[in-house]
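K.L.:
no sequence on this one, just coordinates:
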Ligand SMILES: Cc1cc2nc3c(=O)[nH]c(=O)nc-3n(C[C@H](O)[C@H](O)[C@H](O)COP(=O)(O)OP(=O)(O)OC[C@H]3O[C@@H](n4cnc5c(N)ncnc54)[C@H](O)[C@@H]3O)c2cc1C
């Protein structure tokens with residue numbers, strides 16, 4: 001095995017692979033490790049989710065040359081409609097005055113005509129990025145699992161389950177919430193279980209969706225209808241763990257009947273395509289983003305509720321900031337695995353990560369609730385934001401990931 005590795009990346013999920021591409025483009029040598037080979041990650045049964053990718057995060061893939069493989073699968077989000085307390089179904093009753101409407105046209109002058117976000121099925125993102133990894137000649141050890149790691153004064157040593165050992169000035173933990181690297185570095189995590197399950201299904205719609213994403217805040221949790229190509233939609237709704245498991249195990253006709261009760265005639269007849277997936281929902285934040293010879297990325301650093309579709313976007317912003325920190329330090333002849341350098345990445349990402357995680361958590365509590373006072377407060381808040389143009393535009397740019405001190409890749413520039 002090569003011993004001239006610059007960065008060991010544990011976890012070839014979407015943020016880990018994006019970081020590897022950015023480092024390789026800048027002339028560094030990353031190695032990716034994952035127990036699941038790429039061909040299995042792209043199978044329709046592996047990850048049924050689709051992600052709302054902020055336009056700034058998509059620019060990063062353009063800058064890394066991965067966009068051409070992704071573009072055929074992209075659905076632009078032109079409008080987002082947020083409604084409180086009412087199901088989209090036929091039995092929904094009178095429409096609520098409390099809603100929020102975001103329109104891509106309103107920020108076209110600041111976003112270069114980009115949409116509010118891009119909907120992409122995770123399996124297509126994984127396939128497109130895997131293709132780019134292969135083209136860049138990045139070494140991928142898969143199937144292989146990180147078993148332990150040690151951190152010395154000058155290098156990190158990562159040992160795989162099969163006994164192989166890798167050494168490099170820096171190890172990145174991008175292996176999700178159970179990060180072995182995080183635990184080996186002695187970095188604790190805080191968080192809680194929402195006791196909710198995200199039920200995810202893809203449906204074919206009988207009517208065109210027009211690029212509109214809907215989010216309904218129901219007492220049991222949010223229910224999102226997210227547009228996909230070919231007039232399909234990704235449905236994400238929250239249920240109790242018990243109901244979620246029952247839905248996953250339900251016969252197709254029972255699931256369909258449940259769906260129609262929820263959907264009603266809102267978007268016409270909806271036909272389920274492929275399997276139903278369930279994901280347990282929890283919050284998990286690492287107490288620190290870095291330690292000497294270690295940086296955490298993606299859900300290993302911050303696992304948040306998917307209420308506003310920001311989890312992966314946070315990981316992609318992190319990949320851009322970490323890549324820039326490493327590359328710029330390397331060019332100045334600095335030791336990029338040292339805590340002094342890595343602290344720049346942590347400082348860059350700390351505020352955004354903490355505010356977004358806390359914001360999402362508050363959102364879940366405020367909206368997964370049928371308390372009449374809270375209902376009134378959030379309704380008034382939504383109506384107010386809807387009437388104040390600058391506030392609405394702020395939220396749209398925030399969701400687009402285009403505010404604050406943006407790393408170069410998020411501005412679409414190469415490192
Ligand atoms: C229902 C749902 C909908 C969502 N929708 C959105 C959305 O619209 N927009 C958005 O931005 N985010 C969304 N998210 C969040 C997003 O999916 C996650 O933030 C993202 O998948 C995290 O990626 P990750 O690679 O950090 O972690 P993971 O996806 O957990 O991947 C970790 C990787 O590490 C590997 N691994 C595990 N253990 C080891 C080991 N010991 N050694 C080496 N490798 C290992 C795994 O095989 C895997 O490939 C959603 C989440 C859910 C649950």
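P.N.:
Perfect, thanks for sending it. Keep in mind that this is a model prediction, so the values were computed, not measured.
K.L.:
give me the below-cutoff pLDDT ranges for the stretch 301-415 of the chain.
P.N.:
Applying pLDDT under 70 to the stretch 301-415 of the chain flags the ranges 357, 359-403.
K.L.:
interface residues of it facing the ligand?
P.N.:
By C-beta under 6 Å from any ligand atom, the residues of the stretch 301-415 of the chain that approach the ligand are 306, 309, 310, 311, 312, 313, 315. No exception for glycine: its C-beta is placed from N, CA and C like everyone else's.
K.L.:
which one of those is nearest residue 351?
P.N.:
Using C-beta to C-beta, residue 310 comes nearest to residue 351 of these, at 14.6 Å.
K.L.:
give me the nearest residue to residue 289, chain neighbours excluded.
P.N.:
The shortest distance from residue 289 to any non-neighbouring residue, by C-beta to C-beta, 6 or more residues apart in numbering, is to residue 346 (4.2 Å).
K.L.:
could you check how far that neighbour is from residue 286?
P.N.:
10 Å (C-beta to C-beta, to the nearest Å).
K.L.:
so these two - more neighbours on which side?
P.N.:
Higher neighbour count among residue 346 and residue 286: residue 286, with 23 against 20, using other C-beta atoms under 10 Å.
K.L.:
and the more buried one, bridged to which residues?
P.N.:
Residue 286 forms beta bridges with residue 189, as assigned by DSSP bridges.
K.L.:
verify the stated contact: it with residue 296.
P.N.:
Yes. At 5.2 Å, residue 286 counts as touching residue 296 under the criterion of C-beta atoms under 8 Å.
K.L.:
pull up the overlap in contacts between those two.
P.N.:
Common contact partners of residue 286 and residue 296 (C-beta atoms under 8 Å, 6 or more residues apart in numbering): 179, 182, 187.
K.L.:
going by distance to residue 213, which of those residues wins?
P.N.:
Checking those against residue 213 by C-beta to C-beta gives residue 179 as the nearest, at 30.8 Å.
K.L.:
check contacts around the closest residue to the closest one other than its chain neighbours.
P.N.:
Spatial nearest neighbour of residue 179, excluding adjacent residues (C-beta to C-beta, 6+ apart): residue 300 at 3.7 Å. Shown in contact with residue 300 (C-beta under 8 Å, 6+ apart): 11, 173, 174, 175, 176, 177, 179, 181, 182, 286.
K.L.:
just the strands in the stretch 1-150 of the chain please.
P.N.:
With DSSP state E, counting those that start in this stretch applied, the stretch 1-150 of the chain shows strands at 7-10, 30-33, 50-53, 75-77, 79-84, 99-103, 117-121, 139-141, 146-151, listed in chain order.
K.L.:
rebuild those strands as a markdown table, extending it with distance to the ligand, mean pLDDT and mean neighbour count.
P.N.:
Below are the strands of the stretch 1-150 of the chain laid out as a markdown table (distance: least, C-beta to the nearest ligand atom, whole Å; pLDDT from 0 to 100; neighbours: other C-beta atoms under 10 Å):
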| stretch | distance to the ligand | mean pLDDT | mean neighbour count |
| --- | --- | --- | --- |
| strand 7-10 | 4 | 98 | 28 |
| strand 30-33 | 5 | 98 | 24 |
| strand 50-53 | 4 | 94 | 26 |
| strand 75-77 | 10 | 94 | 21 |
| strand 79-84 | 12 | 82 | 20 |
| strand 99-103 | 15 | 74 | 18 |
| strand 117-121 | 8 | 94 | 25 |
| strand 139-141 | 9 | 97 | 18 |
| strand 146-151 | 4 | 98 | 18 |
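K.L.:
distance to residue 229 added to these, as JSON lines?
P.N.:
JSON lines is the format used below for those (distance: least, C-beta to C-beta, whole Å):
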{"stretch": "strand 7-10", "distance to residue 229": "30"}
{"stretch": "strand 30-33", "distance to residue 229": "28"}
{"stretch": "strand 50-53", "distance to residue 229": "10"}
{"stretch": "strand 75-77", "distance to residue 229": "5"}
{"stretch": "strand 79-84", "distance to residue 229": "17"}
{"stretch": "strand 99-103", "distance to residue 229": "21"}
{"stretch": "strand 117-121", "distance to residue 229": "8"}
{"stretch": "strand 139-141", "distance to residue 229": "28"}
{"stretch": "strand 146-151", "distance to residue 229": "36"}
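K.L.:
how about these, which one is nearest residue 256?
P.N.:
Shortest distance between residue 256 and the strands of the stretch 1-150 of the chain, using C-beta to C-beta, is found for strand 50-53: 19.6 Å.
K.L.:
not counting that closest one itself, show me its contacts.
P.N.:
14, 77, 117-122, 125, 202, 213, 226, 228, 234, 309, 312-313, 316.
K.L.:
chain center to it, what's the gap?
P.N.:
Relative to its chain's centre, strand 50-53 lies at 7 Å (C-alpha atoms, centre = their mean, to the nearest Å).
K.L.:
ok, the residue in the stretch 201-350 of the chain that the ligand sits nearest to - contacts?
P.N.:
Nearest residue of the stretch 201-350 of the chain to the ligand (C-beta to the nearest ligand atom) works out as residue 298 at 2.3 Å. For residue 298, the contacting residues are 11, 13, 14, 15, 16, 174, 176, 312, 314, 315, 318, 319, by C-beta under 8 Å, 6+ apart.
K.L.:
kindly report the same for residue 6.
P.N.:
With C-beta under 8 Å, 6+ apart, residue 6 has these contacts: 23, 28, 29, 30, 168, 169, 170, 326, 330, 336.
K.L.:
check which helix or strand covers the residue nearest to residue 289.
P.N.:
Under the criterion of DSSP states H and E, residue 346 resides in helix 339-367.
K.L.:
related to what we said a few turns ago, which among the contacts of residue 6 end up buried?
P.N.:
The neighbour-count criterion (16 or more other C-beta atoms under 10 Å) marks 23, 28, 29, 30, 168, 169, 170, 326, 330, 336 among the contacts of residue 6 as buried.
K.L.:
interface residues of the stretch 151-300 of the chain facing the ligand?
P.N.:
174, 175, 176, 178, 180, 198, 200, 236, 279, 298, 299, 300.
K.L.:
now the residue nearest the centre of the chain: closest residue in space, sequence neighbours ignored.
P.N.:
With distances taken as C-alpha atoms, centre = their mean, residue 312 lies nearest the centre of the chain, 1.5 Å away. In space, and not counting its chain neighbours, residue 312 is closest to residue 51: 5.0 Å by C-beta to C-beta, 6+ apart.
K.L.:
quickly note the distance from the one you found to residue 224.
P.N.:
To residue 224, residue 51 is 12 Å away according to C-beta to C-beta.
K.L.:
common neighbours of these two, please.
P.N.:
residue 309.
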